[in-house]
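*Asks:* Okay, sequence plus prediction incoming.
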Amino acid sequence: MNTNMQAVEWVWLDEVQSVTLPELARVCGISTADVDELVEYGALQPLQTGPSEADLRMFSADCVTRMRTASKLRLDFDLDLFAVALLLDHIQRIETLEQQVRSLQAQLPKRH
Amino acid sequence: MNYKDYYAALGVPRDADLDAIKKAYRKLAREHHPDMSKAPGAEARFKEVAEAYATLKDPEKRVAYDELGRHPAGEPFSPPPQWGRDHATNGSAFDEMDLEDLLAAMGRGRRDPRQGPMPRDGRDLETTIRISLEDAHRGRTVHLSLDDGGQERTLEVSVPPGVRDGQKLRLRGKGGKGQNGGTDGDIYLHITLAPHRIFRTDHQDLYFDLVLTPWEAALGTETEVPTLDGPVMLTVPPGTRSGRKLRLRGRGLANGRSAAGDLYAVVLIDVPATLTERERELFEALAKDSSFHPRTAPTGATS
């Protein structure tokens, strides 16, 4: 066993952080053209960052894990990009609903 | 490595068209996908059909493969060095195979040795850690055990105060090492909070049940309640109804970037299961003299 101890800094994947278009494409293993197409389908919205170059567009880091999940399903089942757009929408809805269930469970009394 | 019958792996005849191959692949992939099947060997079977499909769906690779097809399955053959290389940066089961490699394997061509070895990106690693609510509140150093391509590795990570349930974090460049100039992989960390004896969490807010007697609820009281930073006194106002939430501002989970969440005491009113003689007298007197009729009273907000 090779024990390699390193101190590491976190990068939060949430709505406060952002990723660039090339970075988002890289971590999801897809092309920037694919990301553009997903934006065209309305499955993904770039952050409003004013009139910047196309390549400098930024996205909320919140979408990274969702995008990775959808991109992996695309590869594993040979889906087309439009199916990925639909998947992204559904994954987001599931995440939102799961969060709502957790919130409601927290507010409900445990006893009785 | 032995010659693999890709047609058999997908269960299609050798003259199957692309549609039939795709259909057979998707059906098998769905059945054996590691996310969907927990059966032993599912992942290996999935990789097998993925490898078969990667070749048969590409017309050029398929033609090249068909030339190999006269070999009986199981006959030894020498695979190209890149045959099984894990190119997928997102951890997909697909292994990218170059036609060039495949042709090279059959003596049709050779990679130009001057090109040198192909750059290979490091694998991304995904893992989940479960931490206690107290650790999420105060932050702590955790040790991650990672299985990096069969090699075990420990990574020390300092979790900042204020991490939330379901939060995802990325540790850039700390995944598998890239080779021959390839990029190092990342680590994706999913955080879950272990259920707590007292508190339930909703984002940065905490909830717990505060059980009151009927007279405490009616008359109001001061009581000691737990928080993550130790007990505090809570004033329960007179006329506190069941289900009401009493808020202790800023007593929720710490947040690394903004104000802490709030703590809510969810009021429950309990009654004795059995009454002493004196208690019964008092309740009966109250029942007789009280003008409170909740079922006929106009309904209003309960909290």
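*Replies:* Arrived safely.

*Asks:* Next, the buried residues of stretch A:100-109.
*Replies:* By 16 or more other C-beta atoms under 10 Å in any protein chain shown, the buried positions in stretch A:100-109 come out as A:102-103, A:106, A:109. Yep, even glycine has a C-beta here, placed from its N, CA and C like the rest.

*Asks:* so who does residue 63 touch?
*Replies:* Chain wasn't specified; assuming chain A. A:24, A:44, A:88 (C-beta atoms under 8 Å, 6 or more residues apart in numbering or on different chains).

*Asks:* which one of the residues you listed has the most neighbours?
*Replies:* Of all the contacts of A:C63, the most densely surrounded is A:L24 (25 neighbours; neighbours counted as other C-beta atoms under 10 Å in any protein chain shown).

*Asks:* Surely that residue and A:D62 touch.
*Replies:* No: assessed by C-beta atoms under 8 Å, A:L24 is found out of contact with A:D62, at 11.3 Å.

*Asks:* re the thing from before, okay, and which of the buried residues of stretch A:100-109 map to strands?
*Replies:* Nothing among the buried residues of stretch A:100-109 maps onto strands, per DSSP state E.

*Asks:* burial count for A:F77?
*Replies:* Using other C-beta under 10 Å: A:F77 sits among 16 other residues.

*Asks:* Report pLDDT for it.
*Replies:* We have a pLDDT of 93 for A:F77.

*Asks:* Could you list the low-pLDDT ranges of the chain?
*Replies:* The chain I'm using is chain A. A:1-10, A:49-56, A:111-112 (pLDDT under 70).

*Asks:* switch to chain B, that's the one I care about
*Replies:* B:1-2, B:69-116, B:256-257, B:297-303.

*Asks:* Quick one: residues contacting the most centrally placed residue in it.
*Replies:* Computing the C-alpha centroid of chain B and ranking residues by C-alpha atoms, centre = their mean puts B:H190 first, at 5.4 Å. Residues near B:H190 by C-beta under 8 Å, 6+ apart: A:65, B:126-129, B:166-168.

*Asks:* mind listing the strands for chain B?
*Replies:* B:125-131, B:140-148, B:151-159, B:168-171, B:187-193, B:200-202, B:205-212, B:221-225, B:232-236, B:245-248, B:263-269.

*Asks:* Give the pairing partners of the fifth one; include direction for each.
*Replies:* Note on strand B:187-193: by DSSP bridges, its sheet partners are strand B:125-131 (parallel), strand B:168-171 (antiparallel).

*Asks:* how about those strands in JSON lines, adding mean neighbour count?
*Replies:* Output for the strands paired with strand B:187-193, formatted as JSON lines (neighbours: other C-beta atoms under 10 Å in any protein chain shown):
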{"stretch": "strand B:125-131", "mean neighbour count": "16"}
{"stretch": "strand B:168-171", "mean neighbour count": "21"}
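
*Asks:* Show me what stretch B:261-268 is in contact with.
*Replies:* With C-beta under 8 Å, 6+ apart, stretch B:261-268 has contacts from A:107-109, A:111-112, B:199, B:203-212, B:217, B:225, B:227, B:234, B:236, B:240-253, B:255.

*Asks:* from these, which would you call buried?
*Replies:* Buried positions within the contacts of stretch B:261-268, assessed by neighbour count (16+ other C-beta under 10 Å), are A:109, B:199, B:203-212, B:217, B:225, B:227, B:234, B:236, B:240, B:242, B:244, B:246, B:251-253, B:255.

*Asks:* Could you confirm whether any residue of stretch B:211-231 contacts chain A?
*Replies:* Yes: using C-beta under 8 Å from any C-beta of the partner chain, stretch B:211-231 reaches chain A at B:V211.

*Asks:* what comes up buried for that stretch?
*Replies:* Going by 16+ other C-beta under 10 Å, stretch B:211-231 has these buried residues: B:211-212, B:216-218, B:221, B:225-228.

*Asks:* Could you do stretch B:33-44 as well?
*Replies:* B:33, B:42-43.

*Asks:* can you point me to the longest helix in chain A?
*Replies:* helix A:81-107 (DSSP state H).

*Asks:* Tell me how far that helix lies from the chain's centre.
*Replies:* Distance of helix A:81-107 from the chain centroid (C-alpha atoms, centre = their mean, to the nearest Å) equals 12 Å.

*Asks:* That helix and chain B in contact?
*Replies:* Yes: Helix A:81-107 is in contact with chain B by C-beta under 8 Å from any C-beta, via A:98-99, A:102-103, A:105-107.

*Asks:* and that helix with strand B:205-212, angle?
*Replies:* 30 degrees (axes from the mean of the first three to the mean of the last three C-alpha atoms, to 10 degrees).

*Asks:* elements contacting helix A:81-107?
*Replies:* helix A:32-40, helix A:64-77, strand B:200-202, strand B:205-212 (3 or more C-beta pairs under 8 Å, 6 or more residues apart in numbering or on different chains; DSSP states H and E).

*Asks:* rerun that using 6 Å as the cut-off
*Replies:* Helices and strands touching helix A:81-107, by 3 or more C-beta pairs under 6 Å, 6 or more residues apart in numbering or on different chains; DSSP states H and E, are helix A:32-40, helix A:64-77, strand B:200-202.

*Asks:* looking at the ones you listed, which is buried most?
*Replies:* strand B:200-202 (a mean of 23; mean count of other C-beta atoms under 10 Å in any protein chain shown).

*Asks:* and it, what does it pack onto?
*Replies:* helix A:81-107.

*Asks:* which bits of the stretch 101-250 of chain B sit near chain A?
*Replies:* B:151-157, B:168-171, B:174, B:200-202, B:207, B:209 (C-beta under 6 Å from any C-beta of the partner chain).
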